[in-house]
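Asker: Below is the sequence, then the predicted model.
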Amino acid sequence: MIAWTIYSSFIGALLLALVPQANPRLARVLALLTASASLAIAVAGACAYSPAAGLTTVARYPWVPSLGIQYYLAVDGISIVMVLLTGIASVAGILFSWNIEHRVKEFFCFYLVLIGAVYGVFLSFDLFLFFVFYELAIVPKYFLIAIWGSTNREYGAMKLALYSFVGSAMILVVLLAAFVVSGGKTLDLAELAKFPFSPAFQMWALPVMFVGFAILAGLWPFHTWAPTGHVAAPTAASMLLAGVVMKLGAYGALRVAMTLFPLGLDNWGTKHLGFESWRDFFAVLALIGIVYGALVALVQKDFKFVIGYSSVSHMGFVLLGLMTVTQIGLSGAVLQMFSHGIIAGLLFAVVGRMVYERTHTRDLSELEKMRLFKAIPFAAFTFVVGGLASMGLPGFSGFVAELQVLIGAWRAFPTYAVIAGLGILIAVAYTIRTMSRAFFSGAPSPVSPSAISAAPSSENVPLLAPMSVPEFIGAGLLMLLALVVGLQPRLLLDLIGPALTSPLFANLFKGVGP
């Protein structure tokens, strides 16, 4: 059934294209029903999946037999977790986009195409099919930002598209080389992972493909598209960019680059610029991303830029976890993908939908005059919960994920683990600073008339629109999930752990791991 997460999304997009432009409510309801159906299928698939079964085929048919290309869908524990994340993020994004009025059916049509492509990436185990879905996800991202975005939307959309296409070109070059070197018979990931690519080939193929994927994961210094894209995107697109699309890059780096070319992470035999391997090099870049993203978030004046750079920092933990090449580090990286997807989606929903749509400003100096904890208390409460989860408070999903990454980093790079811990301390600082300025400023100064449409009350509290039912449902769903996974991480770790011990990753741990 889980293949229907893909099909239902594309069918929903097709049906939306037939909806009359004059009936936006029908478009919203149809989009929500489609995303909810896909989420229900994902949950049913996760419940039916047995971790002991390992890699399980979902669909397998010849596509281009002369080149050995197949329509091959399969799942393991990692895929299941990512599919669940996609379903949750898609439903929440639609709930927080209920107020869209401009070209409603086109918005949700592009949205569902993007969701269907993301499902396809997570379920594809033929690398040609994987690449088709990966590329398909780029097109709707561009239009969602360019048409429905806000600040510098054309620039943000084009920058995201260009970075994505450059990364895709790097990936394609290595895929074609691997196909030719392996004999040109198949692009089945499981079969290619068994082929003995030479160490010399893997030494150049690994970094090229890893960077190609990691660009989309926000790897420093290729991260600059992320804050710009997040700020320019509409709320639902921001939630998907941070919550799901950035995970495509990290997932591809683990699933494809590290699986096919594990020897590319081995030591070079000599030091170059202080590095002994690509593993050391990428771990340092991940570490820079953690600290740099946190420091830049600490000085931002735009509310949404704070969350944008926070995403770069938190994705650094994912990439650092991958470079530990330990069971606990990789488990933490995958769990961090899920956790950050939920938490970042929640924070972007607060900034873009709850605050900006009501106050028409993201300037923290303007927001701190508005006493928003009284004007929109549910938004303040939601941001506090999301902020605590983001900074890694025990009891939330972020704590378990980052703890596992730090333990894995301590085993592989003890010094790096200490520096990464500094990034968490800075995260506490920028979260409290932003929380205080945006919601809990005690300054009773008059509210700027240009910042709000309604007049201030006698207590200098602006009269803003109350929270809508979709906002309550969407925020409640994300907060509940962050708490449930934090209290019961085994719900996901019992899926992730067996997948990492499968034959697919055997060569990775044999070559580099302990």
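Answerer: Here it is on my side, so go on.

Asker: how close does Lys159 get to Ile307?
Answerer: The gap separating Lys159 from Ile307 is 18 Å, by Cβ to Cβ, to the nearest Å. Any C-beta I mention is one placed from the backbone N, CA and C, and that applies to glycine too.

Asker: Between those two, point out the one with more neighbours.
Answerer: Neighbours were counted for Lys159 and for Ile307 using other Cβ atoms under 10 Å; Ile307 has more, 31 against 18.

Asker: Can you verify my assumption that the more buried one contacts Val231?
Answerer: No - between Ile307 and Val231 there is no contact under Cβ atoms under 8 Å: 9.0 Å.

Asker: Run me through the strand neighbours of the longest strand that the chain contains, direction for each.
Answerer: Secondary structure assigned by DSSP state E gives strand 56-64 as the longest strand of the chain. With DSSP bridges as the test, strand 56-64 is paired with strand 69-75 (antiparallel).

Asker: any chance you could map the helices in the stretch 151-300 of the chain?
Answerer: Assigned by DSSP state H, counting those that start in this stretch, the stretch 151-300 of the chain shows helices spanning 153-181, 189-192, 199-214, 225-232, 235-240, 246-252, 259-260, 278-298.

Asker: which helices and strands does the longest one pack with?
Answerer: What it means is helix 153-181. Applying 3 or more Cβ pairs under 8 Å, 6 or more residues apart in numbering; DSSP states H and E, one finds that helix 153-181 makes contact with helix 127-136, helix 138-148, helix 199-214, helix 225-232.

Asker: Would you single out the least confident of the ones you listed?
Answerer: If the helices and strands packed on helix 153-181 are sorted by mean pLDDT, helix 225-232 sits at the bottom with a mean of 79.

Asker: Kindly calculate the angle that it makes with helix 278-298.
Answerer: Angle, helix 225-232 to helix 278-298, by axes from the mean of the first three to the mean of the last three Cα atoms, to 10 degrees: 30 degrees.

Asker: ok and helix 225-232 relative to helix 138-148, angle-wise?
Answerer: Relative orientation of helix 225-232 versus helix 138-148 (the same axes, to 10 degrees): 40 degrees.

Asker: And helix 225-232, what's buried?
Answerer: For helix 225-232, a neighbour-count test (16 or more other Cβ atoms under 10 Å) marks 225-232 as buried.

Asker: cool, stretch 168-177 as well?
Answerer: Neighbour counts over stretch 168-177 (16+ other Cβ under 10 Å) mark 168, 170-171, 174-175, 177 as buried.

Asker: for stretch 176-183, same thing?
Answerer: Buried-residue list, stretch 176-183, by 16+ other Cβ under 10 Å: 177-179, 182.

Asker: So what touches stretch 498-514?
Answerer: Contact with stretch 498-514 is made by 51-52, 54-55, 76-79, 189-190, 193, 258-259, 262-263, 265-266, 279, 325-327, 330-331, 411, as judged by Cβ atoms under 8 Å, 6 or more residues apart in numbering.

Asker: what about that stretch, average pLDDT?
Answerer: Taken as a whole, stretch 498-514 has a mean pLDDT of 74.

Asker: Next: stretch 255-275.
Answerer: Mean pLDDT, stretch 255-275: 81.

Asker: Enumerate the positions of it that are buried.
Answerer: Going by neighbour count (16+ other Cβ under 10 Å), the buried part of stretch 255-275 is 255-266.

Asker: so which of those residues comes closest to Phe378?
Answerer: The shortest approach to Phe378 among the buried residues of stretch 255-275 belongs to Arg255, at 38.3 Å (Cβ to Cβ).

Asker: Contact partners for that closest one?
Answerer: Arg255 makes contacts with 78, 189, as judged by Cβ under 8 Å, 6+ apart.

Asker: repeat that for 10 Å
Answerer: 76, 78-79, 82, 121-122, 124-125, 127, 130, 189, 213, 504-505 (Cβ atoms under 10 Å, 6 or more residues apart in numbering).

Asker: same deal with Phe107?
Answerer: By Cβ under 10 Å, 6+ apart, Phe107 lies in contact with 16, 24, 27-28, 31, 94, 97, 100-101, 143-144, 147-148, 234, 236-237.

Asker: Drop anything exposed from those residues.
Answerer: Of these, these count as buried by 16+ other Cβ under 10 Å: 16, 24, 27-28, 31, 94, 97, 100, 143-144, 147-148, 234, 236-237.

Asker: give the contact list for the residue nearest to Ala379 when sequence neighbours are not counted.
Answerer: Excluding the flanking residues, the one nearest Ala379 by Cβ to Cβ, 6 or more residues apart in numbering is Met354, at 3.9 Å. Met354 sits next to 96, 235, 372, 376, 378-380, 382-383, 464-465, 467-468, 471, 475 when contact means Cβ under 10 Å, 6+ apart.

Asker: And for Thr228?
Answerer: For Thr228, the contacting residues are 145, 151-152, 155-160, 163, 305, 308, by Cβ under 10 Å, 6+ apart.

Asker: how does it look with 6 Å?
Answerer: Contacts were defined as Cβ atoms under 6 Å, 6 or more residues apart in numbering; by that measure Thr228 touches 156, 159.

Asker: Count the residues that sit near Asp363.
Answerer: Neighbours of Asp363 under the rule other Cβ under 10 Å: 15.

Asker: so what's it bridging to?
Answerer: Note on Asp363: beta-bridge partners Asp302, judged by DSSP bridges.

Asker: quick one on the thing from earlier: among the contacts of stretch 498-514, name the buried ones.
Answerer: The neighbour count (16+ other Cβ under 10 Å) marks 51, 54-55, 76-79, 189-190, 193, 258-259, 262-263, 265-266, 279, 325-327, 330-331, 411 as buried among the contacts of stretch 498-514.

Asker: all helices of the stretch 301-450 of the chain, in order?
Answerer: Along the stretch 301-450 of the chain, counting by DSSP H, counting those that start in this stretch, helices occupy 303-324, 327-349, 357-359, 364-367, 372-375, 377-390, 397-412, 414-439.

Asker: can you redo those helices as CSV with distance to Ser38 and mean pLDDT?
Answerer: Below are these laid out as CSV (distance: least, Cβ to Cβ, whole Å; pLDDT from 0 to 100):
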stretch, distance to Ser38, mean pLDDT
helix 303-324, 24, 89
helix 327-349, 16, 90
helix 357-359, 26, 81
helix 364-367, 35, 83
helix 372-375, 34, 81
helix 377-390, 24, 89
helix 397-412, 22, 89
helix 414-439, 32, 88
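
Asker: Which of these sits closest to Ser8?
Answerer: Closest to Ser8 of these, according to Cβ to Cβ: helix 327-349, at 20.3 Å.

Asker: Could I get the buried residue list for the closest one?
Answerer: Neighbour count says helix 327-349 has 327-349 buried, by 16+ other Cβ under 10 Å.

Asker: residue contacts, Val318?
Answerer: Residues counted as contacts of Val318 (Cβ under 6 Å, 6+ apart) are 250, 333, 336-337.

Asker: from the contacts of Phe107, which single one is nearest Gly68?
Answerer: Distance to Gly68 across the contacts of Phe107 (Cβ to Cβ) is lowest for Phe143, with 33.8 Å.

Asker: any idea whether the nearest residue to that closest one once chain neighbours are set aside is helix, strand or coil?
Answerer: Nearest non-adjacent residue to Phe143, counting by Cβ to Cβ, 6+ apart: Phe110, 5.2 Å away. Following DSSP: H, G, I helix; E, B strand; the rest coil, Phe110 is assigned to helix.

Asker: Spit out the contact partners of Phe110.
Answerer: Phe110 makes contact with 140, 143-144 under the criterion Cβ under 6 Å, 6+ apart.

Asker: These into JSON lines, with extra columns for distance to Ala297?
Answerer: What follows is the contacts of Phe110, written out as JSON lines (distance: Cβ to Cβ, whole Å):
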{"residue": "Pro140", "distance to Ala297": "28"}
{"residue": "Phe143", "distance to Ala297": "28"}
{"residue": "Leu144", "distance to Ala297": "24"}
